[in-house]
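S.K.: Provided below for reference: sequence and predicted model.
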Amino acid sequence: MMSDLLWAAFGVNRPDIGFRTAPSPMNTQEIEIYVATANGLYLYDATFHQLVQLKNDDIRSFCGKQGFVANAALNLIYVADFSKLGDRNDDKKLFYAAADTGFISQNVYLFCAAFGLGTVVRDWIDRQVLAEKISLRKEQRIILAQTVGYPK
Ligand SMILES: Cc1cc2nc3c(=O)[nH]c(=O)nc-3n(C[C@H](O)[C@H](O)[C@H](O)COP(=O)(O)O)c2cc1C
């Protein structure tokens, strides 16, 4: 289920050319999806369609300032790698990163609707703390997070 969700989110749907289920300007593919579960922190590798484990500890409580975040099955963290967006200024980079995160998170919304899961995209995050927890480089920016869980 989680692998299908991630494929729908931003997987490779044209393997011959490596293109994805959501668009990006000139195919920059600058959004990376970090995945926090009870079992650890992972990075979604779309090319090989696998999760790369980055940490063994449960960092869900750092994924947002609201109580439900720490208990939900899954928290996705959408991170833009500004270095993949070339010479554009930071305003333009942020605009593209926000738009592209919108496409990806909407794919997750549709997947969740189809499979009876609950989801919410979230801005209310302590980005500095979370960026440290997931060891981001300075050119990486947290755009939004998205919680996925089983409805009550
Ligand atoms: C850009 C954006 C940021 C949001 N940030 C938060 C947030 O930090 N916490 C939260 O609980 N909901 C957040 N939401 C979710 C909205 O509150 C929610 O979509 C709205 O209340 C409608 O509810 P629904 O999506 O369940 O239909 C955000 C939505 C968007 C589009």
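M.R.: Sure, I can see it.

S.K.: This structure against the ligand: which residues are in contact?
M.R.: Residues of the chain lying close to the ligand (Cβ under 6 Å from any ligand atom) are 66, 120, 121, 122, 123, 124. For the C-beta atoms, the positions are set from N, CA and C on the backbone; glycine is no exception.

S.K.: Among these, name the buried ones.
M.R.: 120, 121, 122 (16 or more other Cβ atoms under 10 Å).

S.K.: got a markdown table for these, with distance to residue 6 and pLDDT too?
M.R.: Output for those, formatted as a markdown table (distance: Cβ to Cβ, whole Å; pLDDT from 0 to 100):
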| residue | distance to residue 6 | pLDDT |
| --- | --- | --- |
| 120 | 17 | 98 |
| 121 | 15 | 98 |
| 122 | 18 | 98 |
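
S.K.: ok, the top strand by length along the chain: who's next to it in the sheet?
M.R.: Assignment by DSSP state E gives strand 140-149 as the longest strand of the chain. Using DSSP bridges, strand 140-149 pairs in its sheet with strand 74-81 (antiparallel), strand 118-122 (antiparallel).

S.K.: In contact with the closest residue to the ligand within the chain: list those residues for me.
M.R.: Nearest residue of the chain to the ligand (Cβ to the nearest ligand atom) works out as residue 124 at 3.2 Å. Residue 124 sits next to 64, 65, 66 when contact means Cβ atoms under 8 Å, 6 or more residues apart in numbering.

S.K.: which residues are in contact with stretch 93-111?
M.R.: Under Cβ under 8 Å, 6+ apart, the answer for stretch 93-111 is 4-5, 8-10, 21-25, 28, 30-31, 33, 76, 78, 80, 82, 85, 88, 117, 119, 121, 141, 143-144, 146, 148.

S.K.: could you flag which of those are buried?
M.R.: Using 16+ other Cβ under 10 Å, the buried ones in the contacts of stretch 93-111 are 5, 8-10, 21-22, 24-25, 28, 30-31, 33, 76, 78, 80, 82, 85, 117, 119, 121, 141, 143-144, 146, 148.

S.K.: For this protein, just list every one of the helices.
M.R.: Assigned by DSSP state H, the chain shows helices spanning 2-10, 67-71, 90-115, 127-133.

S.K.: okay, those helices, which one's buried deepest?
M.R.: helix 2-10 (a mean of 20; mean count of other Cβ atoms under 10 Å).
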